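Undergrad: Provided below are the primary sequence and the corresponding predicted coordinates.
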Amino acid sequence: MTDSNLFFMRMRGILRKEMLQIIRDPSSIALAIVLPMALLFIFGYGVTLDAENVPIAVVMEDHGSSARDLAARFELSSHFDVIRTNSMVDAIKMVDERLIDGIVRIKEDFSSRVALGETVPVQVILNGVDANRARLIQGYMAGVGEKWAALRRDRGEDGAAPAVSISQRIWFNESAESRNFMVPGLITLIMTLIGILLTALVVAREWERGTMEALLVTPLRRIDLLLGKILPYYLLGMTGMALSVVVATTVFQVPLRGSVLTLLLLSSLFMLASLGFGLFLSAAIRVQFVAAQISVVAGFLPALFLSGLLFDLGSTPLAIQVVSHLVPARYFVAISHTLFMAGDVWPILLPNALVLAFMALVFIGLAFRKLSKRLETS
Amino acid sequence: MTNVVGSVAAARQDAVLSVRNLSKSFTAKNKAVTSGLQDVSLEAMAAQVTGLVGADGAGKTTLIRIAAGLLSPTSGSVTVLGLDSVAESIKIQSRVGYMPQKFGLYQDLTVAENMTLYADLQGVPVAQRSERYEQLLEMTGLAPFTRRRAGALSGGMKQKLGLACALIKSPRMLLLDEPTVGVDPVSRRELWKIVYKLVATDGIGVLVSTAYLDEAERCDHVVVLHEGALLASGTPDDFKKQMQGKVALVSPAAGEPTRPIYTHLASKNHIVDATIRSGRIRAVADNNAVNVVDDALPTGFAGTVAKAAPNFEDSFMLLIPRKGPQFQANGNQPALEKDIANEDVVVETRSLQKFFGDFEAVKKLSFDVHRGEIFGLLGPNGAGKSTTFRMLCGLLPASAGEIRVAGRDLRRSRAWARSRLGYMAQQFSMYGQLSVTENLGFFGKAYGLDRKRLRQRIDWAFEEFGLTPWADKAAGDLPGGYKQRLAMAAALLHEPEILFLDEPTSGVDPFARREFWLRINSFAQQGVTVIVTTHFMEEAEYCDRMLIMSRGDTLAMGTPAEIRALASTEENREPTIEDAFIALAEGQAGEA
Amino acid sequence: MNSLRRILALIVKEFILILKDPKSRLIVVGPPLIQFFVFGYAATYDLKNVRYAVLDESRGALSRQLLARVEGSDTFELARVLSSEKEIDEVINLEEARILLHIGPDFERNLQGGQPATVQVIADGRNPNVAMVALGYLQNIVGQFNRVLAARGVSSRAGPSLQLVDRAWFNDNLQSRWFMVSALGGVISMVVVMILTSLSVAREREFGTFDQLLVAPFTPGEILLGKSMPGLLFGLMNALIFSAGAVWWFNVPFRGTVSALVLSLLCFIVTMVGMGLLVSSFSMTLQQGLLGAFVVMMPAVVLSGLATPIENMPHWLQTMDLVNPVRYIIVALRRIFLEGADVAMIWPQLWPLLIIAGVTLPSAAWLFRHRTQ
């Protein structure tokens, strides 16, 4: 029998073993399939930065027709749930009780000043605790104001439009759907969990349970061992990824504008970089308890916070941006956002892909060095 | 005594393993260097079983691991099948079968899947597999269980599966590291049958380390290691020849209790070893055993002393230099005469049952244990003794029936009962990262000892178990025998009335085992009730009474003499407990 | 008295087990701190240095004035000046700029002639949040520009216009860092607590020491208490350090009472300990413990309102989210820090936590003994 035949036989054996172990431990299936699906549905149906039905109070200190007209505009907007009140004191109380998120105060001279054609201030008070949401609400309110003015112009009550107006277009994501942004990030997160968390445990577990010793005395080469660990978890991670992509694009209508092949290729690079990191951790540590903790701190949390999948990295201090360059997820988040929403834009994809490829090589190389065929740590 | 027993070069056969001036030292993180092996040279031949024996820390496992290419020697060389263990380790690994102490089975894979894994890894051609599997499955008796997960097999079956996996490629050499630890005698015999058959038919060479000296006696060649150095080697007969006249058998007169005499003798000078065998005491002396024993016997002894044929165990006990604190039973005190049957019943069970799903693991078990009694729970792996044991200490709720501990229903007074019992698990279950002192402190406080009492008890434990030098060492780093001592010290810290010991001596060297039983004896004499499971049948001799279980049922219950009597036949008038056990277990198997 | 001593011994043991291993010792204190600072800076929706490109075909004084206003803001950073429309695709596609301002050739002419003029803005929607917020900023800038034009009489007064005079309460400058950092402590300490506790029983099961614990005269409640303590203490310690860091390092105002802070953190961490121990007592192996913790933690964080408001979720999801302990602590922390809440004011957040803890802790204790192989 030739050497290569023997190699394939060894690979088949170790791969089958890993697959069986994955299939028989409900926790790895939960991680690769149940968790992505649950998160996908949460993102798909629920989690969004776009606000609807924001409770606000409109304080009507003026009851003129222009004032009623403006209040009606707020009521008609799907962004707001309006409570009309005549007293500012009541409205302030409602903010304190968290019943409403903002107050629009139409003062008593509103109608008369409108009639005079002046610029009329409308007082707006927002709960700024969630600054991001407050800013969104601010935008919505400005929009309502514009609409009110436009309507008046249409009815011929007023003259020309304001001097400069913005005509805006959002490329790649026309309606600015958060979902389109969150799902690619979610895929990154799932792949990180499988790549780093799960693999960090599997080698350490073999050391702890003594099965590693039995593996080491077989004619298994180091490279077999490494491949045997990488391939199954690579497949598991890619399955989780593929499943998420299929559900996201079919059920939740998230666009995938790049080619599937590119996605496959580049996510493979990211998967390998994560796997390499996870394997390196567990080969170096050999104790599940510690490997688990380190993989969370050094693998999962940075992928969540420092990858740009939730928070914009461009707005962080320089030091943070520098650190973020060490996180593989950062590159894949950039890749997947472009791939899903923009398409195969190689000038963006390529540099990120190259960094991932380099990281994959380094981590797998380190893992290979740490995976010794001898019991002593090197 | 050095390399004088026998001569390696006597029969110039094919050497499958040759070790030349092998030394191995380990460097810890703090740069402390400990020596594993020093200048060891030996050979193992094809078609022979070479036994590696020695106390804990002798370097047996290190030697086997170096031969398997898992460790590299510090100096010297090891050649396996003519291949160097460092340069050609991969080649060695494809020609050798190795079974590590913690067998390398994947618990969540089935028997067949485990075998296929190792067949793939070893590159066994697919065409040859079905025949080979059939052969191995038949040999190991695992054929009916191919679809069962390895984790669900009994200890004995696991070992056989481990052996089958090691044999999957018909290796030319087999390295076995304590293959029979935790295996019941029936399975043990079967395992050895397989090995001997392979040696005879395929001519493979076997290097086996073992803690069972009766197994060593059946080896073709025995190598004794001690603290990393080679002490002696030769055939078992070579060893036995040296022992002529150094072994005496003491038969107490009818009605005279054996145990007090045994405890008395064990503590005397010049008596290297004393054991109870078939109701008699076997004593090994450094010279002229009969005279030494005569002098040492308590006044008023009415029995007889006779010369006995030596075995390998005797010479092993004499060979290994003892050092460190040795247990001194209170030999000078007059042994407590007690009539156990009249003591209070401490543990009683009535129609105890346990179901796992539909499977009845324990079938209506009823027995009583009296105060100060040593009660043995015996049976092959999977007989339900662990389940019974776990129910008795409250780890597992009973499905039906009653357990009363010191007169109280266990179901109602669990915490009360637990504070009165000490428990030593089969698996080492002290906190590995905590130091010896911290472990003892924790368990002492867990049982509510106050500060002063705790201090006293920990001092007692250090002295009694010779743990003082290890006080600040992490429990996980202790050598095997000391781990066992620590576990026992922890179980005894709160002076329990009842002591539960689950296979306390499995994986422990013969010295630690002897010491252990002497201790148990002395505790029992102080009124502690001991319930113990064991796979070493000769240890059953130390029990006052025993219950032999099979398939959840009582097979036999009684004193060692009564059990032995059950197996007394025309051919074998003086059966050992092991003979009786096997006869009983196989009888049962035959019926089914 | 006896019981007290036993519990104490158990607690001491749990601590030694965590602190003995230098690697694990480091993990309990070091990384959470680093995380706090790193993530404190990273977790922000406040935009800074948003790269934009300009295509000014008008090249007049007015377009320059408008562009000067954009450039003068902290939010935007000029990445490139384009010379032709053909470059637009490239500059957005390649993420050279996330916003493009396109001022047409007739901009100046229209304005001078009293006609409305349009600025075309293209935003990169790959990060819709950034796009939306940046557009909002631009609207503001243009609004101000319009008012200046009107004041200077460049454009005719086009009838009445609204001016929204807004003020954000509790967070005047609308700093999202305040909002994130005040709650971040809760989330990071949750990760520490969940990992410590979810592994603690599973680890003893895997090493066989759990039986030894079960035969000792501990009641399940005592074991529960012992197992809870390290998570409780380290979690609380971390959370308090984070709160201090939020105030002194990130200058988040602390307007509430310390007693409310400590009490709400305590309630939350007890609840998380209950969750962790429940996961742990279900698990037979470390792997199951750790992965189980993640399967619980991830949705809990996503649905907590940390990054996206709970109010934006559909109602059915908001109802389901009522059992999510993380949402309560996030609201409580923000109210304490930014709104000056005291114990009475956060009580609506505390009692749900206590109810959840009241279910998870006893279930975990029951499982200690009843989940056996």
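TA: Great, that's in hand. Numbers count the residues shown, from 1 in each chain, chains lettered A, B, ... in the order given.

Undergrad: Tell me if I am right that residue B:52 is in a strand.
TA: Yes. The assignment for residue B:52 (DSSP: H, G, I helix; E, B strand; the rest coil) places it in a strand.

Undergrad: now the residue lying closest to it once chain neighbours are set aside: how far from residue B:43?
TA: Once its chain neighbours are removed from consideration, residue B:52 has its nearest residue in residue B:209; the separation is 4.1 Å (Cβ to Cβ, 6 or more residues apart in numbering or on different chains). For glycine as for every other residue, the C-beta is placed from the backbone atoms N, C-alpha and C. Taking Cβ to Cβ, to the nearest Å as the measure, residue B:209 falls 16 Å from residue B:43.

Undergrad: Not counting residues beside it along the chain, what's closest to residue B:133?
TA: Nearest in space to residue B:133, with sequence neighbours left out and distances taken as Cβ to Cβ, 6+ apart, is residue B:115 at 6.1 Å.

Undergrad: Next up, identify which helix or strand the one you found is on.
TA: Taking DSSP states H and E as the criterion, the element that holds residue B:115 is helix B:111-122.

Undergrad: how distant is that helix from the center of its chain?
TA: Centroid displacement of helix B:111-122 relative to its chain, using Cα atoms, centre = their mean, to the nearest Å, is 29 Å.

Undergrad: and the next element down the chain from it?
TA: For helix B:111-122, the succeeding helix or strand toward the C-terminus, using DSSP H and E, is helix B:126-140.

Undergrad: Would you check the distance separating that following helix from the middle of the chain?
TA: The chain centroid and the centroid of helix B:126-140 are separated by 31 Å under Cα atoms, centre = their mean.

Undergrad: now do stretch B:163-181
TA: 20 Å.

Undergrad: What distance do you get for residue A:135 to chain B?
TA: Per Cβ to the nearest Cβ, to the nearest Å, residue A:135 is found 51 Å from chain B.

Undergrad: Show me which residues of the strand or helix carrying that residue are buried.
TA: Residue A:135 is part of helix A:131-154, with elements assigned from DSSP H and E. Counting neighbours by 16 or more other Cβ atoms under 10 Å in any protein chain shown, one finds that the buried residues in helix A:131-154 are A:131-142, A:144-146, A:148-149, A:152.

Undergrad: So the residue sitting nearest the centre point of chain C: helix, strand or coil?
TA: Closest to where the C-alpha atoms of chain C average out (Cα atoms, centre = their mean) is residue C:306, at 3.8 Å. With three-state DSSP as the basis, residue C:306 sits in coil.

Undergrad: tell me the contacts of it?
TA: With contacts taken as Cβ atoms under 8 Å, 6 or more residues apart in numbering or on different chains, residue C:306 has the following neighbours: C:180, C:183, C:184, C:187, C:326, C:330.

Undergrad: try 7 Å this time
TA: Taking Cβ atoms under 7 Å, 6 or more residues apart in numbering or on different chains as the definition of contact, the neighbours of residue C:306 are C:183, C:187, C:330.

Undergrad: Would you check that the first one makes contact with residue C:336?
TA: No. Using Cβ atoms under 7 Å, residue C:183 is not in contact with residue C:336; the gap is 10.3 Å.

Undergrad: Against residue A:210, how distant is whichever residue of chain B sits closest to chain A?
TA: Going by Cβ to the nearest Cβ, chain A is nearest to residue B:104 of chain B, at 1.9 Å. Using Cβ to Cβ, residue B:104 is found at 6 Å from residue A:210.

Undergrad: do residue C:357 as well
TA: Taking Cβ to Cβ as the criterion, residue C:357 is separated from residue A:210 by 39 Å.

Undergrad: swap in residue A:364?
TA: Distance check for residue A:364 against residue A:210: by Cβ to Cβ, it reads 26 Å.

Undergrad: Name the residue in those two with the higher neighbour count.
TA: When neighbours are counted by other Cβ atoms under 10 Å in any protein chain shown, residue A:364 comes out ahead of the other of residue A:364 and residue A:210, with 20 against 14.

Undergrad: Quick check: the residue of the stretch 251-400 of chain B nearest chain C.
TA: Going by Cβ to the nearest Cβ, chain C is nearest to residue B:393 of the stretch 251-400 of chain B, at 5.1 Å.
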